[in-house]
Structures are given as C-alpha cells and as structure tokens.
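Undergrad: Let's see this in three dimensions:
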Amino acid sequence: MRLEFLSGTIFAVGALLAMQSTLRAETTETEIPASDVAPHAGYYAPYALQTAGAYLPVQALDKTRGTPGQDANYVVQSTFQDKDFGATAAQIRERAREALSGWRYQFGSDAYLSCINSNDAECVKRLPGKWTWKPRGGPAFHVWAQDSSFPESFIAPQSCSEVSITFRGTVKSQSADWGTNGHKLSKYFLDNYYRQLHRNIDGIISRVTALDCYRHAIDPSGVRIVSAGHSLGGGLAQLAALANKRGPRISKVFAFDPSPVTAHGLVDKQTLAENSEGLEIDRISQAGEILQPLRAVMQQYPRTKNACNPLVRSVGVDVIRGSAVARHDMAKMAAGLVRLSHSGAVQSRPIATQCVTRYERQMTPRLMPVALVAETTWPLLDSFADAPTSTPSAPRIARTAAAQRHQATRARPSVVNASVSFGPQEGADAEKNPLKDIFEP
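TA: Below is the predicted model of the structure:
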C-alpha cells in the first residue's frame, strides 16, 4: 500500500512539473515546444520511421537486402496498417516512403550479445560471471545508411553520408526488457541490455566502419554516425553515444519518448567526458505520454536542457490522443511527424549556434580534392564526346563543347594540392586554397 502511494505521488509531482514546463515552453537553443515543431517534422521523420521499424524482426529485414526500396516498403507496410490508421493509412505510407528514400537497411541484431568481436579483450573482460543471469535476448537494433548527396554521390556513387543505429523499446512479452528497465537494481544480477550494449558498442561501430558505403566515402571521417531509439531504446541510444571508446564517435542521438535511464554509471569518467564533449542529443516526446513525468523527476545524466557538452534539446510533439499509455506509441508518433512535415511549413533542422557540436561540424560543407574531381569527371567527358549520335542535338553540342574544354584543361600543367569547396570557405582554408591558385603558373 505504501509503495503504491509513493509511486502515485512521484507520478503526480512529475506530471505537475511536466505541465508547468509545457506552459512555459518557448523555442530556445535547448527547447522546441510542440507548437513550434512543424518546421522540423521532416527532419525528424526518417529517424522516427526507422525507430518504429526497430520493433520489426531483424530476420525479416535481412531478407529485404539487395532489392532497392524493399526494406523501406516492408517497414512502412508493416508499421502503418489499415486496421490501425484507417482511411489515412495509404497516404501515410506514401509519404513515409518519401521520407525514407535514400536510406538503406544494412544489418541488425535482436539476439543476446556476448561479444560481437570475440577478439575484443575489453569486451571479453566485461562478460558476466557465473552468478549473473544471461537473458535470452539482447538490445534489439537496426542499422541504416543514407546515400550520399551531390556532389559526393557523383564522384563516389556507392558511398553514404550518414549511418544510424536504431534501438527497439520495450515489448510486453519480453521479460528481459522489463528487467533492463529496472537497471538500477537488475545490473547486479542480470546481464541486461545496457550491460550487453556497453561492452559491444565498439564492436557495432567496427561493423559500421566495415560497410561498403562507409569505406567508399571520399572522407570516411565525414560520415555521420547517429543513434536513435524509443522508450527503453532511447536510453540505449544515449548509452551508445556515451560509451564507445574506439573508432569514430556517435555525433547525435534521437531519443523518442526516452526512458530516464541512460546507465551512464557503466561508463568510466574519462570516456564519459570525451564522448559528452560536442555531443548533441534531441529528446523528442509526445505530450502527456507515460514516461514524461518520470523524466521530470528522475532523469539520469545528461540532464534535460543541458546547454553544451552535451547539448540536450527537448522537442515537444502533440500528435496522439488518448491515455498516457496510448500516447507512448512510436508508430503513431512517426505517422504524426510525417503528417506535420506536409503541413505547409518550410522544413529545416534545428541548428546549434551557442555550442559547437560534432554533428554541426560534420554537417558543414566539406572540402573535396580538385585532383579527385578531375580524375572522376574527365573520363565521363571523354565518353560523352565519343558517344555515337545520329543527328546533332543540344546535348551533343554541349558534350562536344565540354570535351573541348576538357582537352584544353588537360594541356595545362599538373594539378597541385588544392581543394574546391562546395560550400563557402572561411578563414585559413580560403587563403590557402583560392580557386585562382588551383593550377601551377
């Protein structure tokens, strides 16, 4: 009886704090209220869709690899069924496919994770002892990659610009899910998902860097790695960003209706500080969903509205009606964001201006070597110029003119080490690499 009274009191206080926060909400560096989220809905929609898809079996998604678009179609068809979304289902599916265009499923896991890399001595050292219970399952996640955009896609067509690791939330029938939710106690006797992920995140990142699209990138250091998750998965996504020690670091987290538990205590202080520096975390939550009051009173590190290192941005969404439990629904949140993205508002992403984050640095247009551009473009011009044609046409004339310019360029002295920016250049780079100095005199 006392426990029920205490739980009810905590929930009531948390709900009051959350309500007061909602009433005072205004768009700032660390907060976007639900009333102002529409212009950013298109930005969040792909990650919401992938996170909703994380509830689907890995084995089923594995079968979609190799057929372009089949992975996205499977996620959309399975997530937005007519019986759940009625007359709007077909339109939601169509727009959801658009939001996922350019993204491709790569790999995933929903099994127990001992050590992904059996040669990882640090992972092996963290394996549970004989007195620790090993559950049947592990942290379920899917990995998606986004195709590179122009101009990199023109030069390296098999490359990707971003990789996302999306984690599934709690499934009612999975007892290990509930045990993981009680991490504060279960960590002493259960090899829960947080513990499994903590010792395996480096192994997951190593598999990401081994992807063909990652290796084919002109500059792999520019490929963004982000994590996302819903509910329990939101807590796992944050731990993933805080815990990885080797390889490229996760630059941004998209946590939807996240658990207040991040299990940051598993991470040593030095690693935690290094990963927190420049990290960006967006916590996107539906108004009135069941975990909102709990986050208000017992949120683990990093705290809400942290200004920098890491930057924690609270993003409000109000697209679901019903009880607190009914509002805690990833599929309905994804559908709501897809709808909002077509509300007529000009779409953009929230930009960090007061805090320099890894994500913002990677989103800045990068420099591309002129020699690489020339080496890739010249053979194409040659093939255009030599292509047979029956009658002269505007494209043929354009190709001939381009080929003539190409031949003239080839007669010039060799290209020196220089770079062309496909965005504005600033500071020292602009002085070292002006376009007029690309070629030797």
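
Undergrad: what comes into contact with whatever helix or strand Met333 lives in?
TA: Assigning secondary structure by DSSP states H and E places Met333 in helix 330-340. Outside helix 330-340, the residues that touch it by CB atoms under 8 Å, 6 or more residues apart in numbering are 37-38, 41, 44-45, 48-49, 51-52, 55, 79-80, 84-85, 88, 92, 95-96, 99, 169, 230-231, 256-257, 284, 286, 317, 319-320. (Glycine included, C-beta is placed from N, CA and C.)

Undergrad: quick check: mean pLDDT across that helix?
TA: Averaging the model's pLDDT scores along helix 330-340 yields 97.

Undergrad: how far is it from where the chain is centred?
TA: Using CA atoms, centre = their mean, to the nearest Å, the mean C-alpha position of helix 330-340 is found 17 Å from that of the whole chain.

Undergrad: who's in contact with Thr166?
TA: For Thr166, the set of contacting residues under the criterion of CB under 8 Å, 6+ apart consists of 47, 50-51, 53-54, 141-144, 227-229, 233, 237.

Undergrad: So what does it look like in phi/psi?
TA: phi -110, psi 130 (degrees, to the nearest 10).

Undergrad: Downstream of the helix holding Met333, the next helix or strand is which one?
TA: Past helix 330-340, further along toward the C-terminus, the next helix or strand under DSSP H and E is helix 358-363.

Undergrad: Which positions in that following helix come out as buried?
TA: By neighbour count on 16 or more other CB atoms under 10 Å, the buried set for helix 358-363 is Arg358, Tyr359, Glu360, Gln362, Met363.

Undergrad: Can you add pLDDT and distance to Ser343 and give the residues you listed back as TSV?
TA: As requested, those are arranged in TSV below (pLDDT from 0 to 100; distance: CB to CB, whole Å):
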residue	pLDDT	distance to Ser343
Arg358	93	31
Tyr359	94	25
Glu360	91	26
Gln362	89	29
Met363	86	24
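
Undergrad: For Thr88, grab the count of nearby residues.
TA: Residues lying near Thr88 (other CB atoms under 10 Å) number 12.

Undergrad: for it, helix, strand, or coil?
TA: helix (DSSP: H, G, I helix; E, B strand; the rest coil).

Undergrad: contacting residues around it?
TA: Contacts of Thr88 (CB under 8 Å, 6+ apart): Ala335.

Undergrad: Do I have it right that Arg224 meets Gln362?
TA: Yes: in this structure, Arg224 is within contact of Gln362 by CB atoms under 8 Å, at 4.8 Å.

Undergrad: Give the intersection of the neighbour lists for these two.
TA: With contacts taken as CB under 8 Å, 6+ apart, Arg224 and Gln362 have Ser251 as neighbours in common.

Undergrad: thought Ala156 was touching Tyr214?
TA: No: contact status for Ala156 versus Tyr214: not in contact, 11.1 Å apart, counting by CB under 8 Å.
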